[in-house]
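> With the input below, show me the fold.
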Amino acid sequence: MSSALVLGIDPLAVPGIDAVPFRASLDKELARFGEHGIDAAMTLLVFDGSEESVIVAALVERPWDVVVVGGGLRKTPELLPLFETIVNLVRLHAPDAAIAFNVGLDDMVESAQRRL
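Numbers count the residues shown, from 1 in each chain. A predicted model of the protein is given here:
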């Protein structure tokens, strides 16, 4: 069975959004991985200074076939340094994993499948 790690932003860490439906969408998408025969896990960042250690812990937890980096981490100009860090951490700690990028909350599975 293929494996995927999804890295994203914890909706509770984003001011001004209703985190409950956002989190429900993330959970629904995570369940879809299983429906497609992909063993997946999701690591959500909270921006408390622990981002790098949280990412490394997730990356070394097991071998991943693909790491999906969420749009919020890529599309937010203020997070560009973190995005660069993520790409380099994947290269360092999960060198055999492909890197994929999703467009929205409902295409993470398809994004991973492009690289599997």
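> just checking, what packs against the longest helix belonging to the chain?
Ranked by residue count under DSSP state H, the longest helix found in the chain is helix 19-35. Helices and strands touching helix 19-35, by 3 or more Cβ pairs under 8 Å, 6 or more residues apart in numbering; DSSP states H and E, are strand 2-9, strand 38-45, helix 108-115. (Glycine included, C-beta is placed from N, CA and C.)
> Please identify the most buried of the ones you listed.
strand 2-9 (a mean of 22; mean count of other Cβ atoms under 10 Å).
> what does that strand rub up against?
Under the contact criterion Cβ atoms under 8 Å, 6 or more residues apart in numbering, strand 2-9 has outside partners 26, 29-30, 33, 37-45, 47, 55, 58-59, 62-70, 72-73, 86, 94, 97, 108, 112, 116.
> Tell me who's in contact with Thr85.
Applying Cβ under 8 Å, 6+ apart to Thr85 gives the contacts Glu51, Glu52, Ile55.
> average pLDDT across the one helix or strand Val90 maps to?
Mapping Val90 onto the secondary structure by DSSP states H and E places it in helix 80-93. Mean pLDDT, helix 80-93: 97.
> after that helix comes which helix or strand?
strand 98-101.
> thinking again about what came up before, report the angle between the longest helix of the chain and helix 108-115.
40 degrees (axes from the mean of the first three to the mean of the last three Cα atoms, to 10 degrees).
> now helix 19-35 and strand 2-9, what's the angle there?
Going by the same axes, to 10 degrees, helix 19-35 makes 170 degrees with strand 2-9.
> got a list of what the closest residue to Ala13 other than its chain neighbours touches?
For Ala13, ignoring the flanking residues on the chain, the nearest one in space by Cβ to Cβ, 6 or more residues apart in numbering is Val46 at 4.5 Å. Residues touching Val46, when contacts are defined by Cβ under 8 Å, 6+ apart, comprise Asp10, Leu12, Ala13.
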